[in-house]
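Participant: any chance you can model this:
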Amino acid sequence: NGSVQDLWRQLGYSRELENSEIDYLKSVSMPGMKMETVQVKNGILTLENIIMPQEIRMIEILYRYSYPDKKYSKIMYHDREKHGKRIKAINNKLYLSTEKKRWRKNMKVLGISFGRKNQRSDVLVKEALFAAKAAGADVQFINTLTLNIGHCRACDYCSRMRDKGEVEIHCCMKDDYHILEEACLEADGIIIAAPVYAVGIVGQFKNFVDRFGPSHDRAALLEENRKRKEEGKPELDPRYFKDRYVGYISVGGAQTHNWVALGLPMLDLFSFSLCMKCVGHVDAYDQGRTGHPLLDQELMEKCSKLGTAVAQSLGKPYEEVNTWEGEEGVCPVCHNSLLSVTGTTRVECPICGIWGTLSVNGEKVSVAFSEEEKNRARNTTIGIYEHYNEIQNMIKVCVPKLTAHKEDLEKKMEKYKNFEQVIENM
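Facilitator: Next comes the predicted model:
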């Protein structure tokens, strides 16, 4: 993050630099970045930064969330030029003050398309956003096609950040995941449209869910916040505990529905960890024959109704919202039609993890789910705490076992670590 001029001076201000030397100057002179979260006090945000001669710094202020008694701001420092009326430098120290802004009245619906730009997923989710806007919500649209969202590496960095007392939890991977993460946290409602390629949703969606869900698991974060309150430590970002409403649009080309059968069930995976409530599904299959969504007025109306349903649910307690747009399905919670059959009349929704009783009356099959089961679905507080407690108990069993067999396991693992060599010598 040094000055390219200073580095050039060290090279004798040569005008005949080789390509390798030019690449070196570029690599060591890239703009640096620093991020921090600051609490605004008495409506004024004051920052102090020491800047070096000839250094140019940009400060970007992102207001995150607001409550009547306090407001937090995230400050980003970039070593590149941007002038602001409220920034002044005195004795090489940079001071910035800003007044507290009023929080917007309208809630926001975020639309995410995991499909090609200006193609079916884009059109359908935008149609839903048009309706959400008409219903009074602010809207935002993101297409993920050009975003680089890698798969989770199970490094546990996000959990360590939480355990070390950080207010915000981030992934250590340097890609575009954080763009979508931040947009989701800012939103009050989310509508996702994604294409089905091989019976299920496109892989980029799963990459995002694998990183977004576990790192924001509400049960784990509630327990962490409880400990912080008892110890008087800074609590986690309040956005992690905000209730949100979601709607899903599965987009597939196949006329035969079983070729897109896992589309909507996979989209529902997004809801679980943050306890989001889904208010509608649109199963947009047979697009190969439809040609274009705009040629199917009924489909467009379904997307419009979905957008309205999400927008009209914002800000309401979950127990007050019984809205559902789409096919009823078999499960009364996720409204999907998948069942795990155990060989008896006791069957399970594999999406929600709740049990029901199957009965047959002539040609009609029905499944009854008790209120107790519905209340423990994966996207409920009871459901996520079941999984949280399962993991905690698993740790109690697993860690002592690994400790007791540490040396033995190390020896047994040698042939697996040296797989290629072992195979060559066989």
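
Participant: run a quick neighbour tally on Asp163.
Facilitator: Per other C-beta atoms under 10 Å, the neighbour tally for Asp163 reads 12. The way it works is simple: take the backbone N, C-alpha and C, and place the C-beta from them, glycine included.

Participant: from the chain's centre, how far out does stretch 11-25 sit?
Facilitator: 43 Å (C-alpha atoms, centre = their mean, to the nearest Å).

Participant: how long is that stretch end to end?
Facilitator: Start and end residues of stretch 11-25 are separated by 10 Å (C-alpha to C-alpha, to the nearest Å).

Participant: for that stretch, buried residues please.
Facilitator: Leu25 (16 or more other C-beta atoms under 10 Å).

Participant: so for it, mean pLDDT?
Facilitator: The average pLDDT for stretch 11-25 rounds to 72.

Participant: same question, stretch 384-391
Facilitator: What stretch 384-391 shows for mean pLDDT is 94.

Participant: over to stretch 327-341?
Facilitator: 95.

Participant: over to stretch 401-411?
Facilitator: If you average the pLDDT over stretch 401-411, you get 94.

Participant: what of stretch 131-142?
Facilitator: 96.

Participant: ends of it, how far apart?
Facilitator: One end of stretch 131-142 to the other measures 17 Å (C-alpha to C-alpha).

Participant: residues of it that come out buried?
Facilitator: Using 16+ other C-beta under 10 Å as the test for burial, stretch 131-142 gives Ala131, Ala132, Ala135, Ala137, Asp138, Val139.

Participant: and the helices in this protein, which stretches?
Facilitator: Applying DSSP state H to the chain gives helices spanning 4-10, 19-28, 120-134, 157-163, 177-186, 203-215, 218-231, 263-267, 287-290, 297-313, 371-374, 381-404, 406-417, 419-425.

Participant: farthest-separated two in the buried residues of stretch 131-142?
Facilitator: Greatest spatial distance among these (C-beta to C-beta): Ala131 and Asp138, at 13.5 Å.

Participant: so where's the stretch 251-400 of the chain uncertain?
Facilitator: Of all residues in the stretch 251-400 of the chain, none has pLDDT under 70.

Participant: ok so, going back, include distance to Ser359 when you put the buried residues of stretch 131-142 into CSV, please.
Facilitator: Formatted as CSV, the buried residues of stretch 131-142 follow (distance: C-beta to C-beta, whole Å):
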residue, distance to Ser359
Ala131, 38
Ala132, 39
Ala135, 39
Ala137, 41
Asp138, 46
Val139, 44
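
Participant: show me which of those is closest to Phe212.
Facilitator: Phe212 lies nearest to Val139 out of the buried residues of stretch 131-142, by C-beta to C-beta, at 20.4 Å.
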